[in-house]
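Asker: No letters, just coordinates:
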DNA sequence: TAACGAACTTGTCTTATGTCAAGTAGAAAA
DNA sequence: TTTTCTACTTGACATAAGACAAGTTCGTTA
């Protein structure tokens, strides 16, 4: 239950004095979460927010044909949440499941609201996290328009190589917007190049 | 300078007493913006936020090959902004240009920050707008994964038919993630069906 | 040990979409 | 009026990626 990764994350998103970061960190509770645990379940209101200090999780939903589509991949030092369900208090449209044993710090909706009202830095931190999340989403959306599946794969390999150790390729494929068949061929071609 | 669309929008995003909405609305200033005006310019810090009460605008950026890619289309009763540039005080990566004469209400970064600190409802409104924006972005990203260009076109025709009167098809095509050639064929096939 | 199932690969064929180039139409400029 | 430009369309061909089906590999269960 080393809080350092959480403190570092808080300060990275919104520069603030270490004491403030420690104060905020102390409002989250440590929890070990084994592989295969659902942190968010589709259809239920998401009322806990998880910081994944160590480990890896996958958010997914089903499309009209019932196919499992990975919508987001969380790994070391990221906040995992369905903000839409969390803040609007409506059933989540997606599920979140751990893909490895995880070291997490969590906070309930109530405690988070209290923080919002009592710690201005937390408010700012929350805003920055939403803005950063939106930016990442927009970049990913643009990569769907501007790049090929192969380019998206190469980028993912560079930026988050660790996820390939925990997440099946078929799930990574849907995250990249391609089929598992295509990903398999892309990987074969990559092997041959190197 | 009828503020009603703005007041309606505020209350739609975050239900609040009409007096509160009117108070917030009074912190924005009316401005008529002719077609072809840049509200945000790539490379400059975005320090004004615009509510487009009436009219239509297009956000775009250039990809590596120098192609113009439409990243977002704003029309009646929407807030147009580059939050990433606005809140982080860094140069915008995109430009925003009006595609028709527009009736707008704008607010400066300073006034908005003041509102954040003095009007709790405004703070909540801002948070909700960010969350709604993220949700829309995620849906659009998923539509790039799960749907064909034709399906995305059909959806856009249903939800924002008005933009086809002001925005050239080539710009709409890049927004849909297809080429203008493909959009032209999709539209031809649609004509034949009906 | 054998059987099974999930993850992954590969072959074949199809399809959506892109690329490039030529052509049309209408508005704006000369 | 003629010219020019931009938006848009269309044809011919190329390519990325999907669909489907048949393996292969490997860990788990019986």
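Answerer: Looks like it arrived, so ask away. Small disclaimer: the values here were computed from a predicted structure and weren't measured.

Asker: I'd assumed residue A:45 was in contact with residue A:89.
Answerer: Yes - in this structure, residue A:89 sits in contact with residue A:45. The criterion is CB atoms under 8 Å, and the distance is 5.7 Å. For glycine as for every other residue, the C-beta is placed from the backbone atoms N, C-alpha and C.

Asker: Tell me which of those two has more neighbours.
Answerer: For residue A:89 against residue A:45, the residue with the higher neighbour count under other CB atoms under 10 Å in any protein chain shown is residue A:45, and the figures read 15 against 10.

Asker: and the lowest-mean-pLDDT helix or strand in chain A with DNA strand C, contact?
Answerer: Counting by mean pLDDT, DSSP states H and E, chain A has its least confident helix or strand at helix A:180-193, which shows a mean of 90. Yes - for helix A:180-193, a contact with DNA strand C is found by CB under 7 Å from any atom of the strand, at A:180, A:181, A:183, A:184, A:185, A:187, A:188.

Asker: Over to stretch A:92-109?
Answerer: No - for a cut-off given as CB under 7 Å from any atom of the strand, stretch A:92-109 has no contacts with DNA strand C; the smallest distance is 10.6 Å.

Asker: can you give me the end-to-end distance of that stretch?
Answerer: Using CA to CA, to the nearest Å, one end of stretch A:92-109 lies 14 Å from the other.

Asker: How far off centre is that stretch?
Answerer: Here the centre of mass of C-alpha atoms in stretch A:92-109, compared against the chain's by CA atoms, centre = their mean, to the nearest Å, lies 9 Å away.

Asker: same thing with stretch A:133-144?
Answerer: Computed by CA atoms, centre = their mean, the separation of stretch A:133-144 from the middle of its chain amounts to 14 Å.

Asker: what's that stretch in contact with?
Answerer: Contacts to stretch A:133-144, defined as CB atoms under 8 Å, 6 or more residues apart in numbering or on different chains, come from residues A:83, A:151-152, A:155, A:177, B:61, B:69, B:71, B:83-84, B:130, B:133-134, B:137-138, B:140-141, B:144-145, B:177.

Asker: Equivalent analysis for stretch A:174-183, please.
Answerer: Identification of contacts with stretch A:174-183 by CB under 8 Å, 6+ apart yields A:60, A:67-73, A:144, A:149, A:152-153, A:156, A:169-170, A:172-173, A:186, B:144-145.

Asker: Of these, which ones also sit close to DNA strand D?
Answerer: Taking CB under 7 Å from any atom of the strand, the overlap between these and the neighbourhood of DNA strand D is A:149, A:186.

Asker: Inside helices: which ones of the contacts of stretch A:174-183?
Answerer: Using DSSP state H, the subset of these located in helices is A:144, A:149, A:152, A:153, A:156, A:169, A:170, A:172, A:173, A:186, B:144, B:145.

Asker: doesn't residue A:69 make contact with the last one?
Answerer: Yes - Residue B:145 sits in contact with residue A:69 when judged by CB under 8 Å, with a separation of 6.3 Å.

Asker: got any ranges where chain A has weak pLDDT?
Answerer: In the prediction, chain A carries residues with pLDDT under 70 at positions A:193-194.

Asker: residue nearest the centroid of it?
Answerer: Geometric centre of chain A, nearest residue: residue A:74, 3.2 Å, by CA atoms, centre = their mean.

Asker: What residues does it make contact with?
Answerer: By CB under 8 Å, 6+ apart, the contact set of residue A:74 is A:52, A:56, A:57, A:58, A:59, A:80, A:96.

Asker: Burial check on the last one, number of neighbours?
Answerer: This points to residue A:96. When neighbours are defined as other CB under 10 Å, residue A:96 has 24 of them.
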